[in-house]
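K.L.:
How does the following fold in three dimensions:
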Amino acid sequence: MPVQLHVDEVFGFEQQEADLVAELAVQDPGRLGLWMYGCGGCGKSKLAPRLFNKLAHRYQHTAHIELTHDAQISSMHLTSMLKQLGARGFSPKDGRAKLLVTLQDFVRDKAVLVLVDNVWNAGHLDKLLPREFNAKIEPGSRVIITSRSREFPDSSWWRQVKLKFTQHPIKALAEVAAQQLFRYCANMDADFQMPFMELQQAERNIIGACSGLPLALELMGAVLYCDVRDEPRPLNDWEEALAALQHGQNAADSDGKLKHVLDISFRALGPVAQEMFLDVATVLQDQHKEGPLAVWKALPNRVGASLLLESLERRSLLSFTFNGWLEMHDVLAALGRGMVLTEGNHYFGSRLWVQDGNVMGAGEALPVAQLHRVLDTLTCATALQMMNLRNSSQLITLPDSISRLVSLRFLDLSHCTSLTRLPEPFGQLSALKVLALNECENLEVLPNSIGQLKQLQVLWLNQCKQLGQLPESFTQLTGLCELELHWCNALTRLPELFGRLAALESLSLSGGLVALPESIGELTGLKFLALCDINAPPLTFSQLVGLEQLAFEECQFVDLPESFGNLVGLKELSFFNCQQLWTLPESVSQLQALRKLHLTFCEGLVRLPSLFGQLIQLQELDLCGCSKLEALPDSFGA
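P.N.:
Now for the predicted structure:
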């Protein structure tokens, strides 16, 4: 089954789409692909996936790579491409040179379809696709590239393959298509008749002022969204939007026009939604929506984030992929960052992030290695609330001056692979709510002062492979609500007083843990628990009466105690690849709130409890891969 990319509704590109698909389908050995170019917001990144989907059924091997302005082409991009193409015999740990050779060898005798979206510079091409790609690629393969630039004359790759690409400019939408798109985003039918002339004229003027740019039309349509379909907002709203839009009519380029459109859309948001938009533009990019939602839940000034996130999507300020990842158009992200970088406004200095290896958001951009200078020279350290330094591989430690950031609420140090420890003054970050340390694979120890972080609610420590122990002060994190400790292989035990984390609602554990402390039974407020590669839960496990979701993965126990039935609040229970498990206790029948039960790939499972049929609330049962289970108990379905 060919991979299909998520696509958005498009207007005015139908003929272009049909012509380009037909052209790409022609079997011409001298043709390699399509180079689509146009200004930011013109729609090229919406048209390209549609072309990809129309061609995908012709190819067994397809890949889609999406780049950002500051993307540093790395082994990660090549690994992603090879995985999508279906290549084998390589490792994510292979260096870039070896991965390029693997890619060359793979495309030598296999027709492939590759989409590279949003190429910003010559380096993206030269580093992502080997120079020999053109010479060795199988005839019939197609490469689709989108870019703002018509060509890259300084690219050796481009010079080599230029004649094998069809260059296609994306033009502005015609008037009819522009109106269709505007009305679609404004919740109006395409054939709706405006009730009076003033509204008709205002609509024509607003559409005309958007200059046929799809992104501008989407934003303006969302600003004037009809709460009830085909019931336009008051004329005053249209006139105000038009006046603001006409203020930017003299902008010299499309980005300038889009900035004025974004200003209008941004001002129409409430204060919380404005903050969320800037969060995504700066410190919460390229994440599954569950990550930002967990962050916002912990922040006192992000109340109602879930509903507001849907509102931002409706206003076309961001979007979700089909599997829930947040996306923001690069033009919007750049304009949002510009707001934070502009001195004198309310948002200046509130966020720090890394772009092109430099720390941004605090005046002069400095390399991450000079973080101490950034923090030492902050004009107003108390203004900084969110800091994202993820993927800063050169960062070995944090400067002691981080203690100045007394208003810092969110800190992301994920993928800082050289980070070995945090400074002892770290505990002075008294306002910190969320701390992400995922994949800090060389982090060896947490400072004892971490117990001073009384406001900390969310802590992610996944894949910190060298973390050998948690300090005793860890149990003083009495405000902690969510803790993830997946695959911290050197961590064999948790503190004996772990049960003191009374506020804990969500806990995920896996890796090298030999046993869980008995005090875990004191976590009576726990609602979600995920355990992976655990030998056996402690006897006090049955005291977790508030538990609603429980997941076991690759655990080694043979069965569970009869006291398991005490978990009467349980709504979802799953066992994945627990191959030693041969049955469930009879007391499972007491779980009267249970709605979902998954027992997948539990190959040792031979029977279910005789009273299994008493689970009257059960709506979903998955027994996939339980090859030794021959029959269901008589009570099932009774």
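K.L.:
ok, the most centrally placed residue in the chain to F320 distance?
P.N.:
Nearest to the mean C-alpha position of the chain, by Cα atoms, centre = their mean, lies Q287 at 1.8 Å. Computed as Cβ to Cβ, to the nearest Å, the Q287 to F320 distance reads 11 Å. In this view, the C-beta of every residue, glycine as well, is placed from N, C-alpha and C.
K.L.:
what do those two both touch?
P.N.:
L326 (Cβ atoms under 8 Å, 6 or more residues apart in numbering).
K.L.:
Relative to V280, how far out is the residue nearest to the centre of the chain?
P.N.:
Q287 sits 9 Å away from V280, going by Cβ to Cβ.
K.L.:
which neighbours do those two share?
P.N.:
Shared contacts of Q287 and V280, counting by Cβ under 8 Å, 6+ apart, come down to L326.
K.L.:
sorry, back to before: I'd guessed the residue nearest to the centre of the chain sits against G324; true?
P.N.:
No. Proximity of Q287 to G324 does not meet the contact threshold set by Cβ atoms under 8 Å, at 9.8 Å.
K.L.:
before we move on, which element is V340 in?
P.N.:
According to DSSP states H and E, V340 maps onto helix 330-341.
K.L.:
what packs against that helix?
P.N.:
Applying 3 or more Cβ pairs under 8 Å, 6 or more residues apart in numbering; DSSP states H and E, one finds that helix 330-341 contacts helix 254-267, helix 271-282, strand 351-355.
K.L.:
can you give me the mean pLDDT across the last one?
P.N.:
Taken as a whole, strand 351-355 has a mean pLDDT of 91.
K.L.:
again with the first one
P.N.:
Confidence over helix 254-267 (mean pLDDT, whole number) is 77.
K.L.:
buried ones in that helix?
P.N.:
Neighbour counts over helix 254-267 (16 or more other Cβ atoms under 10 Å) mark S254, K257, L258, K259, H260, V261, L262, D263, I264, S265, F266 as buried.
K.L.:
do the same with the shortest one
P.N.:
Judged by neighbour count (16+ other Cβ under 10 Å), strand 351-355 contains these buried residues: R351, L352, W353, V354.
K.L.:
any chance you could map the strands in the stretch 51-200 of the chain?
P.N.:
61-66, 112-119, 142-147, 165-169 (DSSP state E, counting those that start in this stretch).
K.L.:
Serialize those strands to TSV and add fields for mean neighbour count, mean pLDDT and distance to R373.
P.N.:
Listed next are these as TSV, based on neighbours: other Cβ atoms under 10 Å; pLDDT from 0 to 100; distance: least, Cβ to Cβ, whole Å:
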stretch	mean neighbour count	mean pLDDT	distance to R373
strand 61-66	21	90	33
strand 112-119	23	90	32
strand 142-147	23	91	35
strand 165-169	15	89	44
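K.L.:
Figure out which of the ones you listed is closest to M386.
P.N.:
Closest approach to M386 among those (Cβ to Cβ): strand 61-66, 24.3 Å.
K.L.:
counting contacts, what elements does that closest one pack onto?
P.N.:
Here strand 61-66 touches helix 44-56, helix 75-85, strand 112-119, going by 3+ Cβ pairs under 8 Å, 6+ apart.
K.L.:
still on that earlier bit, of all pairs in the buried residues of helix 254-267, which one spans the longest distance?
P.N.:
Maximum pairwise distance among the buried residues of helix 254-267 (Cβ to Cβ): 17.8 Å, between S254 and F266.
K.L.:
ranges for the strands of the stretch 401-550 of the chain?
P.N.:
Under DSSP E, counting those that start in this stretch, the stretch 401-550 of the chain gives strands at 410-412, 434-436, 458-460, 482-488, 506-511, 528-532, 549-553.
K.L.:
Compare those and give me the one nearest Q104.
P.N.:
Judging the strands of the stretch 401-550 of the chain by Cβ to Cβ, what sits closest to Q104 is strand 482-488, at 33.0 Å.
K.L.:
Now for K171: which residues touch it?
P.N.:
Neighbour list for K171: G38, C42, G212 [criterion: Cβ under 8 Å, 6+ apart].
K.L.:
quick one: which of those residues is nearest to S563?
P.N.:
C42 (63.1 Å).
K.L.:
Look up phi and psi at that closest one.
P.N.:
phi -80, psi -10 (degrees, to the nearest 10).
K.L.:
Find the residue closest to it in space, skipping its chain neighbours.
P.N.:
I170 (4.6 Å; Cβ to Cβ, 6 or more residues apart in numbering).
K.L.:
right, and that neighbour touches G43 too?
P.N.:
Yes. Counting by Cβ under 8 Å, G43 is a contact partner of I170 at 5.9 Å.
K.L.:
the more surrounded of the two?
P.N.:
Per other Cβ atoms under 10 Å, whichever of I170 and G43 has more neighbours is G43, with 28 against 20.
K.L.:
what about that one, distance to G95?
P.N.:
37 Å.
K.L.:
Likewise for A177?
P.N.:
47 Å.
K.L.:
the more surrounded of those two?
P.N.:
A direct count of neighbours by other Cβ under 10 Å for A177 and G95 places A177 higher, at 18 against 9.
K.L.:
For the more buried one, give me its contacts.
P.N.:
F11, G12, F13.
K.L.:
Among those residues, which lie within strands?
P.N.:
Using DSSP state E, no member of these sits in strands.
K.L.:
could you dump those to JSON lines with distance to E562, neighbour count and pLDDT?
P.N.:
Output for these, formatted as JSON lines (distance: Cβ to Cβ, whole Å; neighbours: other Cβ atoms under 10 Å; pLDDT from 0 to 100):
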{"residue": "F11", "distance to E562": "62", "neighbour count": "22", "pLDDT": "80"}
{"residue": "G12", "distance to E562": "66", "neighbour count": "21", "pLDDT": "83"}
{"residue": "F13", "distance to E562": "63", "neighbour count": "20", "pLDDT": "86"}
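K.L.:
So, low pLDDT: which residues of the stretch 51-200 of the chain?
P.N.:
Scanning the stretch 51-200 of the chain for pLDDT under 70 picks out 69-74, 92-93, 130-136.
K.L.:
pLDDT-wise, which helix or strand of the chain ranks last?
P.N.:
Taking mean pLDDT, DSSP states H and E as the measure, the chain has helix 133-136 as its least confident helix or strand, at a mean of 65.
K.L.:
quick one: the helices in the stretch 301-450 of the chain?
P.N.:
Along the stretch 301-450 of the chain, counting by DSSP state H, counting those that start in this stretch, helices occupy 305-314, 330-341, 371-376.
K.L.:
tell me which residues of stretch 347-364 are tucked away?
P.N.:
Under 16+ other Cβ under 10 Å, the buried positions of stretch 347-364 are 347-354, 357, 359-362.
K.L.:
start to end distance for it?
P.N.:
16 Å (Cα to Cα, to the nearest Å).
K.L.:
Relative to L539, which of the helices of the stretch 301-450 of the chain is closest?
P.N.:
Checking the helices of the stretch 301-450 of the chain against L539 by Cβ to Cβ gives helix 305-314 as the closest, at 37.8 Å.
K.L.:
Go ahead and produce PDB holding the CA coordinates of that closest one.
P.N.:
Output of helix 305-314 as PDB, limited to C-alpha atoms (Å, rounded to 0.1, in the frame of the first residue of the first chain):
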ATOM      1  CA  ALA A 305      -5.200  25.400  25.900                       C
ATOM      2  CA  SER A 306      -6.900  22.400  24.300                       C
ATOM      3  CA  LEU A 307      -9.800  24.400  22.900                       C
ATOM      4  CA  LEU A 308      -7.600  27.400  22.000                       C
ATOM      5  CA  LEU A 309      -5.300  25.100  20.000                       C
ATOM      6  CA  GLU A 310      -8.300  24.100  17.900                       C
ATOM      7  CA  SER A 311      -9.100  27.800  17.500                       C
ATOM      8  CA  LEU A 312      -5.500  28.500  16.200                       C
ATOM      9  CA  GLU A 313      -6.000  25.700  13.700                       C
ATOM     10  CA  ARG A 314      -9.300  27.100  12.600                       C
END
